[in-house]
Every structure is written in structure tokens, then in C-alpha cells.
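Undergrad: Pasting the sequence and the predicted coordinates here, then a few questions.
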Amino acid sequence: MRTEGSISYGMKIAAVVGLLFVVALAATVSAHVYVSLNGGFYIEYPDEWWQVDYQTVDYYLSQLQADPETYNYDAVFSARKIPPFYDHEYCILTVDTTTGEFSRRERDSVVADLGDLFGETINYRPIQESFAALQVDDPSYDRDRQLFVRLADVGDDQEGFKKHLYVIRFYERGTAHFYFFTPDSTFDQYRPEFYNILASFSTENLDSHMPKESVKLADPDKVQSKSDGSGANRTWLFGAPIGFIVVLIIVMASRRKKKREKK
């Protein structure tokens, strides 16, 4: 016959087991995984974030009458599901595997070229956790982690200013480019989440993270109601990162040319 004490002990054990199960379950659903088939890597992004479907992004770009090259993004993520995504915190991910892996000397040369193009001095130093030490127009390159990071202010008085965090991740297949945007007032809040997304970057055990997460289609009426008449004066939202992409195309093309000349 079980005593009251043994029942109490059993209930405690059950409660602990239940708590561990809840913690384990929470850990498994605390982040989404995005697999880049083009890049051969995956990243994790917070559970409350969502991947903006390609139809929504392409529709927005069509309103801007964007060049075909602009559509060559890998994915777009938003921190909020309130449309339009570009009014909130979001990230554009692009991938360039045409260059292949860079040697350390080649990476340093690319970073130096970026400093010249931006007209800024590159600081060669470790990237602190949560991007705690980032300053506007003070780019950093972490040689050990192969990360180039630049924080800038973009926008104008009419549309409002945003923080733009641009990160290049060098890896064995080429480069991954992250363009994070937030309203100026929320950057410090989302800074740790940006850091965690980049810290999750991995090319290992890719098969275990397949298949790529499915994405919902956009509601055309909702997109239309939010986009009509507003595209032209929002060009800078995609114009800023695309401008940087053009810069990177120039830099990477120069790197490819030098590689061919060495062979």
C-alpha cells in the first residue's frame, strides 16, 4: 500500500518529468530553420519571425519597377506578420557561389576594397556577442569568423530613418549576404536576434534540415491595398541593399578576374 508520502514523491517526479518535456518541446520549436539550396547552408530564425513568401516580395518589387537583378534574392524574413513587411523589421538574404571559397588573403583584399568603396576605415577585430559594440559607419571584419559587418543609417525625413545592418559571411562555397533593416527606435531590441540568426549559420548536416520550409501564398487584395501608390517613395528600402549588391558585384567580379589571371 502506497503511503501519502510516496504519492507526494511520485507527483513531484511526474511534475519534474512534465516540466522537462515542456522545456524540451519548447527548445525544438523555438526557431524556424531555413535551408538555402542555392547556398548549401541553413540558418535558424526566431519562432515569431516568418519567411515572406516570394509572391509578396516580387509583387512589391514590381511596384518599384525593379531591375531583373533585384529579383535574385534568396529569401526575405520579417519579424512581424503585419503587412507590409518593409514597414517593420526584416532581412534580405542573397547568396553568391560563383566565386567559390576565398583564401584568407583574398578575403582581406575584398574587405579592403569595401573600405575603399565605402570611404571608411575597416576595423579588424572580433565581433562581440549581440553586436554590442557596433557603431554607425564603423565597419568591422572578424578574420576568425569570416564576418564583415557594417551598420548605417538609411532613409530621409519624409519616410523616416532606419538602421541598416549589412553582413557578409564568407564560407567554403562563396559568400552569403544579410541585409537587416529596423526602424531606428527598435534596432537595440532586435540586435541580439540578428546576431543569433548569423550565429546559427551552418553547412553541416544539411540533409537533416531538409526539406525547405514551405511558405504561404500572399493575399493579393491585402498586398494591393497596402502597396498601391506607395511604391515609388519607398524605393530606398530595397534601393539601399541593391546598391550594396551592385558594389559587391563589382568587388566580386574583380576577385574572379584576379583568380582567373592566377591560373
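TA: Sure, I can see it.
Undergrad: So Q55 lies in a helix, does it not?
TA: Yes: assessed with DSSP: H, G, I helix; E, B strand; the rest coil, Q55 lies in a helix.
Undergrad: Touching the helix or strand harbouring Y141 from outside, list them.
TA: In this assignment (DSSP states H and E), Y141 forms part of strand 140-142. Residues from elsewhere that reach strand 140-142 (Cβ atoms under 8 Å, 6 or more residues apart in numbering): 108, 111, 122-127, 134, 147-150. All C-beta atoms are positioned from the backbone trio N, CA, C, and that covers glycine.
Undergrad: and if you look at stretch 77-84?
TA: Contacts of stretch 77-84 (Cβ under 8 Å, 6+ apart): 34, 45-46, 48-52, 56, 60, 85, 88-91, 93, 190, 193, 222-223, 226-227.
Undergrad: In strands, which of those residues fall?
TA: Judged by DSSP state E, the contacts of stretch 77-84 include 34, 45-46, 50-51, 90-91, 93 as members of strands.
Undergrad: Which one (most neighbours) among the residues you listed?
TA: C91 (27 neighbours; other Cβ atoms under 10 Å).
Undergrad: where exactly do the helices run in this structure?
TA: 4-28, 54-63, 104-118, 187-199, 220-227, 235-262 (DSSP state H).
Undergrad: is it possible to export the ones in strands among the contacts of stretch 77-84 to CSV including pLDDT?
TA: Conversion of the ones in strands among the contacts of stretch 77-84 to CSV gives the following (pLDDT from 0 to 100):
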residue, pLDDT
Y34, 93
Y45, 95
P46, 93
W50, 93
Q51, 93
Y90, 93
C91, 94
L93, 93
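Undergrad: Check those and tell me the two furthest apart.
TA: Largest separation among those by Cβ to Cβ: P46 and L93, giving 14.9 Å.
Undergrad: Surely Q135 and D153 touch.
TA: No: judged on Cβ atoms under 8 Å, Q135 makes no contact with D153 at a distance of 11.2 Å.
Undergrad: The two: which has the busier surroundings?
TA: Between Q135 and D153, D153 has the larger neighbour count (other Cβ under 10 Å), namely 12 against 9.
Undergrad: Give me the pLDDT value at the more buried one.
TA: Listed pLDDT for D153 reads 88.
Undergrad: so it makes contact with F161?
TA: Yes: using Cβ under 8 Å, D153 is in contact with F161, at 5.5 Å.
Undergrad: shared neighbours of these two, anything?
TA: Here D153 and F161 have D184 as joint contacts, going by Cβ under 8 Å, 6+ apart.
Undergrad: in the strand holding Y141, what's buried?
TA: Across strand 140-142, burial judged by 16 or more other Cβ atoms under 10 Å covers 140-141.
Undergrad: Averaged pLDDT, it. What do you get?
TA: Mean pLDDT, computed over strand 140-142, is 94.
Undergrad: just stretch 174-188 next, same as before
TA: On average, stretch 174-188 scores 92.
Undergrad: Just the CA trace of that stretch, in PDB.
TA: C-alpha atoms of stretch 174-188 as PDB (Å, rounded to 0.1, in the frame of the first residue of the first chain):
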ATOM      1  CA  GLY A 174      31.300  31.700 -51.600                       C
ATOM      2  CA  THR A 175      29.500  34.500 -49.700                       C
ATOM      3  CA  ALA A 176      26.100  34.900 -48.000                       C
ATOM      4  CA  HIS A 177      24.900  38.500 -47.700                       C
ATOM      5  CA  PHE A 178      22.400  39.600 -44.900                       C
ATOM      6  CA  TYR A 179      20.600  42.900 -45.100                       C
ATOM      7  CA  PHE A 180      18.900  43.700 -41.900                       C
ATOM      8  CA  PHE A 181      16.500  46.700 -41.500                       C
ATOM      9  CA  THR A 182      14.700  48.100 -38.500                       C
ATOM     10  CA  PRO A 183      13.100  51.300 -37.600                       C
ATOM     11  CA  ASP A 184      15.700  53.400 -35.800                       C
ATOM     12  CA  SER A 185      13.800  53.000 -32.500                       C
ATOM     13  CA  THR A 186      13.800  49.200 -32.400                       C
ATOM     14  CA  PHE A 187      17.400  48.400 -33.500                       C
ATOM     15  CA  ASP A 188      18.700  47.700 -30.000                       C
END
